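**Q** What follows is a predicted protein model with its sequence.
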Amino acid sequence: MRSWPRHTGGDFLLGAALGAGFFVAAFGVRLLDPHYIDWLLWGDPAANYLGWAFYRNDPWSFPLAQVKSYGEGFASSIVFTDSIPWLAMVFKLFRGVLTEPFQYFGMWLWLSFTLQGAVGFVLARKLGADRIAAALIAGLLLISPPLLNRLTGHYALTAHWVLLVALGLCLFGRSVRRFYAWIALIALLVATQFYLAVMVMALWFADLVRAWLAHERADRRWLAACFVSTLAITLATMAACGFFLVDRAGTGADMVGFYRLNAVSLVNSEGLWSRVLPKIPSGFGDYEGFAYLGLGWMGAMLLALARAGKTEPSPARTQALLPLGVVLFLLTVFAISMWPAIGKQVIYAAPENIAVALAGLALGAYLIVRYSTPRAPWRLRIAQAAATQSGIFWVLALVAAFLFAIVTAPLVAFALNRVPPVGTVFEAFRASGRMFWPAWYALALWAAWVIVRTFPPRRQYLVLAAALGLQLWDLSGAIDLLGRTTISTRMDFATDVSGCWCCIRARGRPAGKRSASSRWNTTRPSTRPTTVASGHRPTPPPMRHSGATSKPDDSIRPRCMWRIRTISHGCKRRWLRCLRRHPHRSWMASWWWRCRIPERCFPSPSIPLPEGEGLG
């Protein structure tokens, strides 16, 4: 392996400047104001902020991230409010001088994008790109849709740069001493977001296996000690952060496999993230498996598939990376979950489906053996197949992951029902669709490597610039809407308001200057208020009920909601159908859907319930 490029520090700073510049250009600097909290007061970000607000005023105790001031003697940890515990601990040290209110989530977002650009730039240089090509590759990594989609909530998950660092250690690590970096990275992520920690630990295990296979017995003893010490430090960090304060058992067994990766996630723009590709209907919880590539990355990967035969990588080098490929394959299988789906069609673990999946896997194994060198170890055969047909090989690997998920679904269901420890682990990671992110970035780095390897410099610039321009154009509408709504309103970006013109006209206006029509726009003129005072919401017309079988009054629902398309929670038609089938659940109109639709599109802060009904 080649050593790290010279002037790595300069490359890091150039990439950091690129990432910071993109963040400021797209989202401005207002989020960096520690006193500005209006953008946090909705949905999951509100829980993130409130966790920090309670924690900063609590006395120090052990676990360090423990919060005792929730009331009623209930003690928990800011780990469970996703408040980025290590940052909260750092700022709690200075609580005596911090103003009220104070938020650090904007600084965290800025830091995440800055490091995403820096690490992407350094990795591109390591792949063999010069600084111009590296800047273009880093730009493509900066505007990856899975990263931008995390700006809709769960801000701790925006640290995608750690996945790039982990992939860099797997691909370019030379000395066994690199495992010190692994220990520090895993400990940091345990105190940041545990989903990311699990992804990085999986990549760490792949790198450990690679080192185990490549080194002598003396080094293997050191690697065994490193394995044990990493697990011990991880458990100690979890204890210090308060992971064991709350019993997680039984917190979501019914949701396992619900938030999955759909088979069409790579090309599904959800109707919002692309100017060209439409939304592909998918499952209710598939938004957690959002993995849209963007037209730029799609074009780059298709070109890489066409040029993959000219790369001629060393079979020995490919064999060394086989543990990484196996781990990425298993993470993809876990992301697909026990309920594989193609669009809205769920492929159940019926005997005929399992038979077809087994036949497909057997055919793939036969092709690997058939088109590789005879009388070679199986690892070398797979490595040779991957080296000679790398593009097609990894595309087929994604298909094989889907088939493998179908085959293993009955085993997973059995483990969930019969083996409680396994069920507890699956409950904790029920948003399994996120586990595809390492494979997403591995595919992106592979496409960039093929382009750098097979094109001369000037053509590299042309191809990468075209991909970056296409990606920016494809995502420009979503980035613009995200930048405006994140800063100026408390709305969930999971709602597409591109067709809701009354909301677009109202966006950016002071509350006192918004017209009544843009604020209300209901279906009956008589229910519209004639004036809207600044800072006051008029009293809505009541929901009419006439017993248990009554239906909600549609007159209070704004006409603009017919033009709102909700990404992960269906359209208004499905919502109304649910309300009409279950009229006793009329609280849904004021609680669940209020979290998913811009506040100004709702005509009331609450909807009266029939007597005796409530959220319980």
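**A** Looks like it came in fine. Residues are numbered from 1 along each chain as shown.
**Q** in the single longest helix found in the chain, what counts as buried?
**A** The longest helix of the chain (DSSP state H) is helix 457-488. For helix 457-488, a neighbour-count test (16 or more other CB atoms under 10 Å) marks 460-461, 463-464, 467-468, 470-472, 474-475, 478-479, 481-483, 485-487 as buried. Just so you know, the C-beta spots here come from the backbone N, C-alpha and C atoms, and that holds for glycine as well.
**Q** List the contacts of stretch 134-141.
**A** Under the criterion CB atoms under 8 Å, 6 or more residues apart in numbering, residues 11, 14-15, 18-19, 22, 116-117, 120-121, 123-125, 127, 129, 164, 296-297, 300, 441, 444, 448, 452, 461, 464-465, 467-468, 471 lie in contact with stretch 134-141.
**Q** from those, which would you call buried?
**A** Of the contacts of stretch 134-141, these count as buried by 16+ other CB under 10 Å: 11, 14-15, 18-19, 22, 116-117, 120-121, 123-125, 127, 129, 164, 296-297, 300, 441, 444, 448, 452, 461, 464, 467-468, 471.
**Q** Using PDB, list the CA coordinates for the helix or strand where Leu50 lies.
**A** Using DSSP states H and E, Leu50 maps to helix 43-56. Listed next in PDB are the C-alpha coordinates belonging to helix 43-56 (Å, rounded to 0.1, in the frame of the first residue of the first chain):
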ATOM      1  CA  GLY A  43     -40.500  17.200  16.800                       C
ATOM      2  CA  ASP A  44     -37.300  15.400  17.600                       C
ATOM      3  CA  PRO A  45     -35.000  18.500  17.700                       C
ATOM      4  CA  ALA A  46     -37.200  19.700  20.600                       C
ATOM      5  CA  ALA A  47     -36.400  16.600  22.500                       C
ATOM      6  CA  ASN A  48     -32.700  17.000  21.700                       C
ATOM      7  CA  TYR A  49     -32.700  20.600  23.100                       C
ATOM      8  CA  LEU A  50     -34.900  19.900  26.100                       C
ATOM      9  CA  GLY A  51     -32.500  17.000  27.100                       C
ATOM     10  CA  TRP A  52     -29.600  19.500  27.100                       C
ATOM     11  CA  ALA A  53     -31.700  22.200  28.900                       C
ATOM     12  CA  PHE A  54     -32.500  19.800  31.800                       C
ATOM     13  CA  TYR A  55     -29.000  18.400  31.900                       C
ATOM     14  CA  ARG A  56     -27.100  21.700  32.100                       C
END
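**Q** helices and strands around the longest helix of the chain, which ones?
**A** The contact analysis (3 or more CB pairs under 8 Å, 6 or more residues apart in numbering; DSSP states H and E) places helix 457-488 against helix 8-27, helix 131-142, helix 145-149, helix 295-307, helix 437-454.
**Q** between it and helix 437-454, what angle do the directions make?
**A** Counting by axes from the mean of the first three to the mean of the last three CA atoms, to 10 degrees, helix 457-488 points 150 degrees away from the direction of helix 437-454.
**Q** low-scoring stretches of the stretch 451-600 of the chain, by residue?
**A** Within the stretch 451-600 of the chain, the ranges that satisfy pLDDT under 70 run 486-600.
**Q** thinking again about what came up before, list the contacts of the helix holding Leu50.
**A** For helix 43-56, the surrounding residues in contact (CB under 8 Å, 6+ apart) are 37, 39-41, 65, 67, 69-70, 78, 80-84, 88, 91-92, 95, 98, 101-105, 153-156, 492, 595.
**Q** Give me the next element, helix or strand, following it.
**A** Using DSSP H and E, the helix or strand that follows helix 43-56 in sequence is strand 66-67.
**Q** And the next helix or strand past that following strand?
**A** Downstream of strand 66-67, the next assigned helix or strand under DSSP H and E is strand 76-77.
**Q** for that following strand, packing partners?
**A** strand 66-67.
**Q** and the strand it packs on, average pLDDT?
**A** Strand 66-67 comes out with an average pLDDT of 91.
**Q** Neighbouring strands - and their directions - for it?
**A** Here strand 66-67 has these sheet partners by DSSP bridges: strand 76-77 (antiparallel).
**Q** quick one: the strand it pairs with to chain centroid distance?
**A** 24 Å (CA atoms, centre = their mean, to the nearest Å).
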